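Peer 1: here you go, sequence then predicted model.
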Amino acid sequence: MDERRTRLRFEEFLLERFPDGQCRAEVRMAWTGERRFIGEARGIQTMEGEIRASAEAALAAVAQSTGGRLDLTLRGAKAFRAFDAWMVVVSVNARAAEESRRLWGAFPCTDENTGRAAVLAVLDSTNRILERFLRS
């Protein structure tokens, strides 16, 4: 058996903005190159709304990868300025069977793409516990 650690890998992020002030985030992820997962969420076309929709879409893809064995809930997602760059931080509740954990993730963003940074912050928070669900 291969003992190398594997992680859910980010593949693609799409954020659409609509004339009615809404947005749609779509996230594509893969595990070991063969299994692919897509998450989607809608939100309001503000920085906070886009960050939240992006994080929700990422969580949907992550949850899909576990086959429903891990329940993930976004507690919050926030962007703030630090040292002339944006930093996105997420808080996630993860529940499986009798076990519950609060996860935190963060990702720096040198450009204005805070939605993509929210997706990567979600991966930062969840990849620590995902391997056991993906391997089985």
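Peer 2: On my side now, so go ahead.
Peer 1: how near is E34 to L130?
Peer 2: 16 Å (C-beta to C-beta, to the nearest Å). For the C-beta atoms, the positions are set from N, CA and C on the backbone; glycine is no exception.
Peer 1: next one: R102
Peer 2: 16 Å.
Peer 1: more neighbours, those two?
Peer 2: Neighbour count, other C-beta atoms under 10 Å: between R102 and L130, L130 has more, with 20 against 10.
Peer 1: who's in contact with the more buried one?
Peer 2: R7, L8, V62, S65, T66, L70 (C-beta atoms under 8 Å, 6 or more residues apart in numbering).
Peer 1: same list (these) but as CSV, adding distance to F80, secondary structure and neighbour count.
Peer 2: Listed next are the contacts of L130 as CSV, based on distance: C-beta to C-beta, whole Å; DSSP: H, G, I helix; E, B strand; the rest coil; neighbours: other C-beta atoms under 10 Å:
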residue, distance to F80, secondary structure, neighbour count
R7, 26, coil, 15
L8, 26, coil, 24
V62, 23, helix, 27
S65, 29, helix, 21
T66, 30, coil, 21
L70, 28, coil, 20
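Peer 1: what is the nearest of those to K78?
Peer 2: Lowest distance from K78 to the contacts of L130 (C-beta to C-beta) belongs to V62, with 19.1 Å.
Peer 1: could you list the residues in contact with stretch 91-107?
Peer 2: Contacts of stretch 91-107 (C-beta under 8 Å, 6+ apart): 59, 69-77, 87-90, 117-118, 120-126, 128-129, 133.
Peer 1: any buried residues in it, and which?
Peer 2: S91, V92, A94, L103, G105, F107 (16 or more other C-beta atoms under 10 Å).
Peer 1: so what touches stretch 17-30?
Peer 2: 8-16, 36-45, 49-50, 53-54, 56-58, 60-62, 65, 115, 119, 123.
Peer 1: which PyMOL command selects the buried ones in those?
Peer 2: To isolate the buried members of the contacts of stretch 17-30 in PyMOL, using 16+ other C-beta under 10 Å:
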select buried, resi 8+10+13+15+37+39+41+43+45+49+50+53+54+56+57+58+60+61+62+65+115+119+123
